[in-house]
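**Q** Below are the sequence and a predicted model for it; my questions follow.
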Amino acid sequence: MLNKEQIAQRIAKELEDGFYVNLGIGIPTLVANYIPTGVSVTLQSENGLLGMGPFPTLENVDADLINAGKQTITTLPGSSFFDSATSFGMIRSGRVDLTVLGAMEVNDEGDIANWKIPGKMVKGMGGAMDLVASAKNIIVAMQHTNRAGDSKLLKELSLPVTGLGCVKKVVSNLGVFEITERGFELKERAPGVSVEEIQQATEGRLVVEGEIPEIVGIWE
Amino acid sequence: MLNKEQIAQRIAKELEDGFYVNLGIGIPTLVANYIPTGVSVTLQSENGLLGMGPFPTLENVDADLINAGKQTITTLPGSSFFDSATSFGMIRSGRVDLTVLGAMEVNDEGDIANWKIPGKMVKGMGGAMDLVASAKNIIVAMQHTNRAGDSKLLKELSLPVTGLGCVKKVVSNLGVFEITERGFELKERAPGVSVEEIQQATEGRLVVEGEIPEIVGIWE
Amino acid sequence: MNKVVQNAAEAIVGITDGMTLMLGGFGLCGIPENSINALVKSGVKNLTCISNNAGVDDFGIGLMLQGQQVKKMISSYVGENAEFERQLLSGELEVELLPQGTLAERCRAAGAGIPAFFTPAGYGTEVAEGKEVREFKGKHYIMEQAFDSDFAIVKAWKGDTDGNLIFKATSRNFNPLMAMAGKITIAEVEELVEPGELDPNFIHTPGIFVNRIFKGVNYEKRIEQTTTR
Amino acid sequence: MNKVVQNAAEAIVGITDGMTLMLGGFGLCGIPENSINALVKSGVKNLTCISNNAGVDDFGIGLMLQGQQVKKMISSYVGENAEFERQLLSGELEVELLPQGTLAERCRAAGAGIPAFFTPAGYGTEVAEGKEVREFKGKHYIMEQAFDSDFAIVKAWKGDTDGNLIFKATSRNFNPLMAMAGKITIAEVEELVEPGELDPNFIHTPGIFVNRIFKGVNYEKRIEQTTTR
């Protein structure tokens, strides 16, 4: 099974040189720590920054410089600041090459739920609905099952939907899944996790074809 | 009869302190020369400048600094530059207090034609349609009749319309007219011009009530 | 015409019970601290507040929630505020949650004289309920309308007495959009200068959008998550 | 990824017959001179050009008209160009005239992922023909759609190799809007610098919108009306 860092590490392998990337809060944020050498990506923070740098040193903390997770951050050479309308203009017009998001549930048609648990959690969607409605390429980083052990890769969402048919790929603690017309296509297994375990933990349509390799080249 | 400078001078009396004003090409541009003392107005040029200053001296001519009439100009302290979408955002959202435009024809319902003579002149509307569709207060500066002596203050427009029911006031070489539900209400006569002459030269509904004073306080 | 007022109390004159306010900021970054404090002090009630977030319990709009001054919040994310959640679940507070980009664009539309526009965000979700859906080039969009607000209250880094504003870093966020959108726009600034001191090429909000401006004091600029290397 | 190309000829690679181009500038102010000259040299034909104006007879887009490279112009004002008028009246050239604000907003909409919006400009006029009319709060608006263009070509004052752009004075005009809107955006700049040399707080066009950038040469910057005191 992959831990959170390893999920992030695996997703980082999807990054291509020149990509503009929006990373959601949580595991997605960790992806920034594993950008492959030789690959240059620019991080977009939807509160109004392109070219997000690392966290500041304590003496460089600036209350006026935060990311969409409200964390203090820094800029890099080539950064730019802009207003929220311009920021979501970039997103909606498809200029962001890759979006990595967390999710509570994903179904086998690529629908995603990640903003609301009726009667329980009312936090709001933030920028997630804009991102999932617009991004060309959306990867979801998530745990495969919830605390009760129920699958979060479903036939039908039980929670209010954030966006329809938008998720292209899921990287969970159990493996890597491409979402196609046929459902969740298992592409890679987490080391030590069997196809059977994945089948057991996946409620939505799962496609297993041929030998499924273990994920390689991470947690070195 | 008023000459062009005098028409501009009369319109300048409509300016109030703090007004943001957009002046069209031609006579309207001349209004800037007659801003009353004690009145501070800010000129908006729809190509992207707020706070238009006077023409430059020859050595200060800058090709990158023009007004909507493509004339070289200058800025003033407090000026700002912006893109065309922001510029028309100001206009459409009603932030411009007064717009002064030229016209080929105006009718007694406040419709205006000033952008096209079918089969003859194809120049385009530029920013005029946005201005007339949005400005709270539109004054038209125009000659009362065309070269053939025909009235340009009409019952019905003969030329393609630029905007409907938008003109609030006309200052022509013959007088000052407010456009209300009743038509062109004659408010002031140009010095030496009789009410009869104005009636003769006006094809649209003309309202003459009481004594019509001559325009005062200009061309001193 | 003089746009300069002396302080927040003077700036908020005319804000009365039941009005709709826009308040700039993202989280606690770039919020109009002085004006919020003045609103708390004024005791004005039954406000509808359009703001991306609702502050935290003891800062920002959270202070107005504590005073039960807010009837309705229109936001995209309200997860940092326990009092908010309590009032919401108890039915004391209405909330309309919108996609962040939709929130931004509805502000911008108001300031740009665009009454309505189409956006893909929220199609097929609760957000689309009751809204017109239309297809353009094979993709579905929902129609969203410009916000209607009485006052917009923004915080800028520098401003001049003509109302021109410059924002700093990510404290820009919703501020310039809301500045365009208010029937009356109030700007509080850290530095208030004379016209001509700001470079006309680098003004974020042209003065035409700003009706009242004042130099704010004692900015706390609280940080929600101080993260360091 | 390298966005920098060596010159205009390299920048316009991929522009082929029948494409739709956006060209920045207002009158002759802020037009992409180098790219226009390269397009003239390339002989590419049947173009649809979205540009506020059509240049003058012997400069700017006028040069492309001389070479009969333009099938259709989408503009707001074309009054400075005799060759334009000749081709139009003879039927060689199509023209779609739009209100200037609508032209600007249709560019901005394309760059903002807004497929359509409502504007009051042109209601009741020829411009509204065939367009949907709708009433909001008692006022009439027409629906306008985002432009669809293959390439956007803009001219900036300064740019960096990441594609960040800064425009100067009123040469900004349509340039930042078109930069957002092209499927591929080409920027020519007077000064090309390294990332970090431009202040991130004062970038007019963030680099994400720019695909190719080069340092232009020999700017003529012709003035249409030199007016002096």
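**A** Great, that's in hand.

**Q** switch to C-alpha atoms for all contacts and neighbour counts from now on
**A** OK.

**Q** tally of neighbours for residue 175?
**A** Since you didn't name a chain, this refers to chain A. 27 (other C-alpha atoms under 10 Å in any protein chain shown).

**Q** sorry, should have said chain C
**A** C:N175, neighbours per other C-alpha under 10 Å, totals 33.

**Q** Now do the contacts for the nearest residue to it once chain neighbours are set aside.
**A** Closest residue to C:N175 apart from its sequence neighbours, by C-alpha to C-alpha, 6 or more residues apart in numbering or on different chains: C:G24 at 4.5 Å. Applying C-alpha atoms under 8 Å, 6 or more residues apart in numbering or on different chains to C:G24 gives the contacts C:30-32, C:51-52, C:152-155, C:173-175, C:178.

**Q** same deal with A:T180?
**A** Counted by C-alpha under 8 Å, 6+ apart, A:T180 has contacts A:D108, A:E109, A:K168.

**Q** hang on, the earlier thing: just the contacts of C:G24: which are in helices?
**A** C:N175, C:M178 (DSSP state H).

**Q** Distance to D:D162 added to the contacts of C:G24, as a markdown table?
**A** Formatted as a markdown table, the contacts of C:G24 follow (distance: C-alpha to C-alpha, whole Å):
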| residue | distance to D:D162 |
| --- | --- |
| C:G30 | 27 |
| C:I31 | 31 |
| C:P32 | 33 |
| C:S51 | 33 |
| C:N52 | 30 |
| C:A152 | 35 |
| C:I153 | 34 |
| C:V154 | 31 |
| C:K155 | 30 |
| C:N173 | 22 |
| C:F174 | 25 |
| C:N175 | 26 |
| C:M178 | 29 |
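
**Q** Could you pull out the helices in the chain for me?
**A** No chain was given, so I picked chain A. A:4-12, A:27-30, A:84-92, A:128-134, A:195-201.

**Q** Sorry, I should have been clearer: chain C.
**A** Using DSSP H, helices in chain C cover C:8-11, C:33-42, C:61-66, C:82-89, C:100-112, C:175-181.

**Q** looking at it, C:F214 is touching C:A187, isn't it?
**A** Yes. Checked against C-alpha atoms under 8 Å, the pair C:F214 and C:A187 is within contact range at 6.6 Å.

**Q** more neighbours, these two?
**A** Between C:F214 and C:A187, C:A187 has the larger neighbour count (other C-alpha under 10 Å), namely 32 against 27.

**Q** which residues does the more buried one bridge with?
**A** C:V154, C:I213 (DSSP bridges).

**Q** Least confident of the helices of chain C, on average?
**A** For the helices of chain C, the weakest mean pLDDT is recorded on helix C:82-89, namely a mean of 85.

**Q** Flag the helix or strand of chain A with the lowest per-element mean pLDDT.
**A** strand A:121-122 (a mean of 75; mean pLDDT, DSSP states H and E).

**Q** who's in contact with C:V40?
**A** C:V40 touches C:L63, C:M64, C:G67, C:Q69, counting by C-alpha under 8 Å, 6+ apart.

**Q** correct me, but the first one touches C:D57?
**A** The reference is to C:L63. Yes. Using C-alpha under 8 Å, C:L63 makes contact with C:D57 at a distance of 6.7 Å.

**Q** Give me the more crowded residue out of these two.
**A** More crowded of C:L63 and C:D57, by other C-alpha under 10 Å: C:L63, with 20 against 17.

**Q** Who are the contact partners of that one?
**A** C:I36, C:N37, C:V40, C:G55, C:D57.

**Q** now A:R205
**A** Taking C-alpha under 8 Å, 6+ apart, we find A:R205 in contact with A:D108, A:L154, A:K155, A:R182, A:G183, A:F184.

**Q** Just the buried ones among the residues you listed, please.
**A** A:D108, A:L154, A:K155, A:G183, A:F184 (16 or more other C-alpha atoms under 10 Å in any protein chain shown).

**Q** In strands, which of these fall?
**A** A:L154, A:G183, A:F184 (DSSP state E).

**Q** Can you tell me the closest non-neighbouring residue to the residue of chain C found nearest chain D?
**A** Here the residue of chain C nearest chain D is C:F117; by C-alpha to the nearest C-alpha that distance is 4.1 Å. Closest residue to C:F117 in three dimensions, ignoring its sequence neighbours and counting by C-alpha to C-alpha, 6+ apart: D:F117, at 4.1 Å.

**Q** That neighbour contacts C:A112, correct?
**A** No. D:F117 is not in contact with C:A112 according to C-alpha under 8 Å; the separation is 11.2 Å.

**Q** what about the residue nearest to C:I61 when sequence neighbours are not counted, how many residues close to it?
**A** Counting by C-alpha to C-alpha, 6+ apart, C:I61 lies nearest to C:G55, which is 4.8 Å off, once chain neighbours are set aside. If you count neighbours by other C-alpha under 10 Å, C:G55 ends up with 27.

**Q** okay, and for chain A, where does confidence drop off?
**A** Along chain A, segments meeting pLDDT under 70 span A:219-220.

**Q** tell me which residues of stretch C:173-190 are tucked away?
**A** C:173-190.

**Q** How about stretch A:116-131?
**A** A:K116, A:V122, A:K123, A:G124, A:M125, A:G126, A:G127, A:A128, A:M129, A:D130, A:L131.

**Q** is any part of that stretch close to chain C?
**A** Yes. Stretch A:116-131 is in contact with chain C by C-alpha under 8 Å from any C-alpha of the partner chain, via A:G119, A:V122, A:K123, A:G124, A:M125, A:G126, A:G127, A:A128, A:M129, A:D130, A:L131.
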